[in-house]
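**Student:** Compute the structure for the input listed below.
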Amino acid sequence: MYPILNVKLMDDMVSIEVPHGDRTPISLYHNDPYNNYTWDDGLGSLTLRGKARMYHYGETIRKRYSSYVENILAKNVQAQSSFKRRCLETTLSVLAGLVPPTNASHWSQSHELAKLWQPIAVETTESSRAWLLNPDTECAAATAVKNAIPTEDPVLKAFLEKNKDFVQRVGWVYDAIFTERNFFGDQFKMPEWLSKVGNDTLARLKQFNDFQFSIYANWPKYVKLRAGLLLKQTIDNMRGTAAIKEPLTAKNRQLFLYGTHDTMVSPVMLALGYLKEQPTYGSGVIIELRKHPQTKVPHVHVFYANVTNNAQIADFTTTFTRLELNHSERFSKLCHEASCSLDNFAASLKDYLVSDIEKECSLPK
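**Tutor:** Residues are numbered from 1 along each chain as shown. Alright, predicted model coming up:
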């Protein structure tokens, strides 16, 4: 774990890829105790807790990169989001904590809000073309790979066979139970059938849920089709920064923020060789570009930031875990330090990068 540091990136770049915060269930299941509950903002929406968590996330990132984001111009904050409402609200919440206005950018002298918040543009794309940040965007080639996995992957076949009765009886309910318990806290109503199935039911559900995310490690084509566009854009952003000749200052320094889903962060983590389980709320990948202290060559540093799921919002804390690239099979051949030169980082990921997503998603005729 890495503490919050004042990381000095005066001549470099920061890219943040973060999934949405706490949300309500996407769907409910048969005999769900909350089938008749009125979800004010609807199913699949960002909760108040989620908004607070992601604002805290932004504040924490600001503390870590204070020297980098200090006085950064709003126009140089490149924020993009999945078209989903919970992702847009998450991105706005992170920005509110990450880039508060400076004295020079107060938009009013009479409103106190002007000292705390400034409007920053967030770009998004229509659902039919949202490959960059929404992994559910139609991609025929990715769907074909996904549909083939249960019959072709021996590990998955063995897992499903071993848990056949469990899967048939319980189904895909872990997400609903997890989000409901997170939403209601101490008032959560545990479904009666859960204890009847077995005391280890929730643990088994989590194991099955995490397995859904990690299984794609054996299917690089699927990982490429879902994460390849975002990885390619991140590398292009770093190349653009590295090509700038003049020293970077607050006026030309850039910050990149991508608001997305856990189902997009997970293939990114798989491409990096570091996914173990489903990414949690308030987690995300932070990619830094810094000049190597000796060679002055641009180097890529990767961290996993995670907001701990404490009961009280006031107790949220964020940890930073370095993903040591030389310990990942993906990078170890070219990267011999925890960080990796930009060229070697890109070369190590070349099989996962996508330039023409429409062409890649098309099935062969």
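
**Student:** Leaving out the residues flanking it, which one is nearest to Leu289?
**Tutor:** Met13 (4.2 Å; Cβ to Cβ, 6 or more residues apart in numbering). Backbone N, C-alpha and C define where each C-beta goes, glycine included.

**Student:** For stretch 343-354, the averaged confidence score.
**Tutor:** Averaging pLDDT along stretch 343-354 gives 97.

**Student:** Report the distance from it to the chain centre.
**Tutor:** Its chain's C-alpha centre and that of stretch 343-354 lie 20 Å apart, by Cα atoms, centre = their mean, to the nearest Å.

**Student:** Stretch 14-23 now?
**Tutor:** Using Cα atoms, centre = their mean, the offset of stretch 14-23 from its chain centre is 5 Å.

**Student:** So which elements touch the host helix or strand of Ile286?
**Tutor:** Element membership for Ile286, per DSSP states H and E: strand 283-291. Using 3 or more Cβ pairs under 8 Å, 6 or more residues apart in numbering; DSSP states H and E, the elements in contact with strand 283-291 are strand 13-19, helix 220-242, helix 262-272, strand 298-307.

**Student:** For the last one, which strands pair with it and how are they oriented?
**Tutor:** Read that as strand 298-307. Paired with strand 298-307 in the same sheet, following DSSP bridges, are strand 283-291 (antiparallel), strand 318-322 (antiparallel), strand 340-341 (antiparallel).

**Student:** angle of it against helix 220-242?
**Tutor:** Interaxial angle, strand 298-307 versus helix 220-242 (axes from the mean of the first three to the mean of the last three Cα atoms, to 10 degrees): 120 degrees.

**Student:** ok, Cys87 - contacts?
**Tutor:** 19-20, 81, 133, 259-261 (Cβ atoms under 8 Å, 6 or more residues apart in numbering).

**Student:** and it, that one's in a helix?
**Tutor:** Yes: counting by DSSP: H, G, I helix; E, B strand; the rest coil, Cys87 is part of a helix.

**Student:** follow-up on the earlier one: which positions within the strand holding Ile286 qualify as buried?
**Tutor:** Under the neighbour-count criterion of 16 or more other Cβ atoms under 10 Å, strand 283-291 has 283-290 buried.
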